[in-house]
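> Dropping the sequence and predicted coords here.
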Amino acid sequence: MPIQNNGTPSTHLNNLPPDILFHIFGYCLETGPGHNNKPSASAAPLLLTQVCRTWREIANALPHLWTAIELHNTSKKSETRLSPEKFLNCLGRWIKHSGDVSISIKFSYMLLPGQGTYEDYWQEMGNIVDLLLTCQHRWNRLVIYVEDFSVVQRLLDAMTNLDNAPQLRKCVLEVRDKKKDNCPAWKATYSALTLQPKGRHSGYARLTGLELSDSPSTESIMWWIKQAPNLKALIVSPNLEQPEPYQFSPLHEWKLDNVSQLHIFGFKYSDIRPLLSQLTLPVLTDLYVNVHGAELNTSTIVENFLHRSKPQVKKLTLACFQIRENSVLTYLEQCPSLVYLKVAPMTDTVLDALTARSENHPYCPDLEELEISSSDPFPNFEKLQNMVHSRSHDTRFKPLKKLTVPDDVTKSQYEALVELGLEVVVDEW
């Protein structure tokens, strides 16, 4: 290669054909676990635009360098705020240079104390929404955190029209102020891949997954459920300041024919009875009930829910709430197709029920995975070992394949379980 007088190669990167630089620039984006798409002057694509005019023009002309952005108007490390102008300009730059390809956008825009009024915030969010709507036909994934539901209402309206957002695959919306709106705080997942809507304007028919955090009332939860006829997954964590009056009426039952996953999390005053008394889920396969520290006994309402729904539950988790042992056995009878089971606390009565005996009714013959909570004391090891061994030698049962145990299991116990042919996982709490 010819050498210039200063000792550098005479062939400069700028002399490479643009298509070669296009190819090289395509490998400059960081990927892998822990990577985010926050704009940084020390990383592509912004870094590439600061080298020289040629590189800037090439980088700006490569849409695939600008297809994902994560932007926050506040920093977790400090209370400094990205100005509305810089926020809008940065977002606009990504939208502009991404051209006609699909784009994924994640951002949070919050109102900090002492930095503007809510009227200012409303105007700023209006400008952001205006900008987002210019590329709605290219939305791929949207993850948005804002102060309240109303400031993104126009985005929701656009999402419900299939012509407006044909490429949308996922959307998560969260609000910080749980009590400001008529609608509850929510996190929603849209999946256009699995939907077959009947009309162009399908309302919330695109809503297939719904997560309601700190929901103030059962009424607010039901409001959202009723908006989503194609709902498949429902995750609810009611957080009531006072228990709601519990009144069961068959007139309030709500049958959801598509929901296969129901996860309920609760706290001290989380009365899940009004919600479960209204739901009927005939195709449910994954039920998770964790009412931590709840003072209300929910055994009967769960039993009634399962009896009413008659689902083919494959995965059942019952954790950290007041529950009678005989109710657990009833649940196991109501869920004969279980493949996965977690009961916390795991009691000797449950282990005895799962043990294969000729005179016993076989509980959970298809069970393949059992989990013992790490927050509970290790159960009677002899009973556990006997249960595993008995099921592997009884043709009415499938042998257990996987057992998750708490970290207080001893080395000898661990080795004894492995010798039974199990995959043993130690759950470190």
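Nice, thanks for sending it over.
> Could you pull out the strands in the stretch 101-250 of the chain for me?
Under the criterion DSSP state E, counting those that start in this stretch, strands of the stretch 101-250 of the chain are mapped to 103-108, 139-146, 170-175, 187-190, 207-215, 233-238.
> Could you export the ones you listed as TSV, including mean neighbour count, distance to residue 334 and mean pLDDT?
All C-beta spots, glycine's among them, are computed from the backbone N, C-alpha and C. Formatted as TSV, these follow (neighbours: other CB atoms under 10 Å; distance: least, CB to CB, whole Å; pLDDT from 0 to 100):
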stretch	mean neighbour count	distance to residue 334	mean pLDDT
strand 103-108	20	41	92
strand 139-146	20	38	87
strand 170-175	19	34	77
strand 187-190	20	29	58
strand 207-215	21	25	75
strand 233-238	20	20	83
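> Arrange the ones you listed in a markdown table, one row each, with distance to residue 372 as further columns.
Converted to a markdown table, the strands of the stretch 101-250 of the chain look like this (distance: least, CB to CB, whole Å):
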| stretch | distance to residue 372 |
| --- | --- |
| strand 103-108 | 37 |
| strand 139-146 | 35 |
| strand 170-175 | 33 |
| strand 187-190 | 30 |
| strand 207-215 | 27 |
| strand 233-238 | 23 |
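> Out of those, flag the one nearest residue 262.
Judged by CB to CB, the one of the strands of the stretch 101-250 of the chain that comes nearest to residue 262 is strand 233-238, at 5.3 Å.
> So the closest residue to residue 237 other than its chain neighbours: helix, strand or coil?
Take residue 237 and drop its neighbours on the chain: the residue closest to it by CB to CB, 6 or more residues apart in numbering is residue 265, 4.0 Å away. In three-state terms, and counting by DSSP: H, G, I helix; E, B strand; the rest coil, residue 265 is strand.
> So residue 265 sits against residue 236, correct?
Yes: with contacts counted by CB atoms under 8 Å, residue 265 reaches residue 236, the gap being 7.3 Å.
> re the thing from before, quick one: contacts for the residue nearest to residue 237?
Neighbour list for residue 265: 235-237, 290-292 [criterion: CB atoms under 8 Å, 6 or more residues apart in numbering].
> Which single one of these is nearest to residue 369?
residue 290 (17.7 Å).
> Check for me that that closest one belongs to a strand.
Yes: Residue 290: assigned to a strand according to three-state DSSP.
> what does stretch 353-371 contact?
By CB under 8 Å, 6+ apart, stretch 353-371 touches 317, 329, 332-333, 335-342, 383, 386-387, 390-391, 393-394, 396-398, 400-404, 427.
> Equivalent analysis for stretch 339-347, please.
With CB under 8 Å, 6+ apart, stretch 339-347 has contacts from 314-320, 325, 328, 332, 350, 364, 366-373, 375-377, 379.
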